[in-house]
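Asks: Let's see this in three dimensions:
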Amino acid sequence: MPALRLTPEQRKNLRSQAHHLDPVVMIGSDGLSAAVRRELDAALTAHGLIKVRVFSDSRETREALLGDAAEALDAAPVQHIGKLLVLWRPVPPKAKAAADERLPGPRTVRLVKFSKSPTHRPTIKKVKVLGNQRVTAGGLIKRAKRRVSSIKKKALG
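Replies: Below is the predicted model:
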């Protein structure tokens, strides 16, 4: 899998976004092992843009790790500064759950009815309102009517 190519403008934008990130994966003396690759892949899938800290004093080793990680994970190497590496891969779209035709569940509503006399306290009544009901401005509970939708719009999806 080849590493992604970035334009200088994209690289600049990603570097500015990565400035405030903390390293999520740390690579030790074992280098780019299978466990580290799994963690890098999981972090790239979840976040897209990640920082990696490498505990190696050799600059050539860190550059090789950046290239190998980008190549193995189909990611783009964004930046290598000191012992920090920045990798980017587009986040895959998440599968959305199918929308159910269910109505919302019951909820408890407080109805406050003010007294005509200013010296008396208002009466507070807690009422359970079902998903197909609504509370009017006067404090009455009415059953909501199902909204009629177009057959053509339903066919479109």
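Asks: Tell me where this protein has strands.
Replies: For the chain, the strands defined by DSSP state E cover 23-27, 49-54, 76-81, 84-88, 107-113, 123-129, 133-135, 141-143.
Asks: can you redo those as CSV with distance to Gly67?
Replies: The C-beta positions use only the backbone N, C-alpha and C, and glycine is treated the same way. Formatted as CSV, the strands of the chain follow (distance: least, CB to CB, whole Å):
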stretch, distance to Gly67
strand 23-27, 13
strand 49-54, 12
strand 76-81, 7
strand 84-88, 10
strand 107-113, 56
strand 123-129, 61
strand 133-135, 61
strand 141-143, 65
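Asks: tell me the most buried of those strands?
Replies: Of all the strands of the chain, strand 84-88 has the most neighbours on average by mean count of other CB atoms under 10 Å, namely a mean of 23.
Asks: pLDDT on that strand, on average?
Replies: Strand 84-88 shows a mean pLDDT of 95.
Asks: tell me the angle it makes with strand 49-54.
Replies: Put simply, strand 84-88 runs at 150 degrees to strand 49-54, going by axes from the mean of the first three to the mean of the last three CA atoms, to 10 degrees.
Asks: ok, strand 84-88: who's next to it in the sheet?
Replies: If you go by DSSP bridges, strand 84-88 pairs up with strand 49-54 (antiparallel), strand 76-81 (antiparallel).
Asks: could I have the last one exported to CSV, CA atoms only?
Replies: Extracted as CSV, the C-alpha positions of strand 76-81 are listed here (Å, rounded to 0.1, in the frame of the first residue of the first chain):
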residue,chain,number,x,y,z
ALA,A,76,0.6,10.4,4.8
PRO,A,77,3.7,11.5,6.8
VAL,A,78,2.9,15.1,7.8
GLN,A,79,5.8,16.1,10.0
HIS,A,80,8.9,14.9,11.8
ILE,A,81,10.1,17.3,14.5
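Asks: Report pLDDT for Met1.
Replies: For Met1, the pLDDT comes out at 49.
Asks: do the one 10 residues further on as well
Replies: According to the prediction, Arg11 has pLDDT 95.
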